[in-house]
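Colleague: Got a sequence here, can you build the structure:
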Amino acid sequence: MIERLLLKHLTKTGKIAYFVGIIISFILVAYYIFEIMGKSLESGRDHFVIGIVTVNIIWAIICYFLWRKEKEETKE
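Modeller: Numbers count the residues shown, from 1 in each chain. All right, here's what the predicted structure looks like:
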């Protein structure tokens, strides 16, 4: 849902950066929870979901402010 709201406001570079960032953050959150914290799939499920949602929202805000489309002014 956040993608629909966000993608129409991003440039092409911003869309690519958004999806690459989401994939990288997914990998980093999974590595942190399952390897560094030593959680299993059963015990780390809540941490994983909360981490993914949080990182997704933070990355969406960063992408929006860095790669948003300029509004075109209409001359009347």
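Colleague: Surely Ala17 and Tyr64 touch.
Modeller: No - with contacts counted by CB atoms under 8 Å, Ala17 stays clear of Tyr64, the gap being 11.0 Å. C-betas here are computed from N, CA, C, even on glycine.
Colleague: Just the pLDDT for the spatially most central residue of the chain.
Modeller: Taking CA atoms, centre = their mean, the centroid of the chain lies closest to Asn56, which sits 3.1 Å from it. The model reports Asn56 with a pLDDT of 92.
Colleague: Let me see the backbone angles for it.
Modeller: Phi and psi for Asn56, reported as degrees, to the nearest 10, are phi -60, psi -40.
Colleague: I'd guessed it sits against Gly21; true?
Modeller: No - contact criterion CB under 8 Å: Asn56 and Gly21 do not qualify, at 9.3 Å.
Colleague: His47 versus the closest residue to His9 other than its chain neighbours, what's the distance?
Modeller: Leaving out its chain neighbours, the residue that sits closest to His9 by CB to CB, 6 or more residues apart in numbering is Arg68, at 5.3 Å. Relative to His47, Arg68 is positioned 31 Å away (CB to CB, to the nearest Å).
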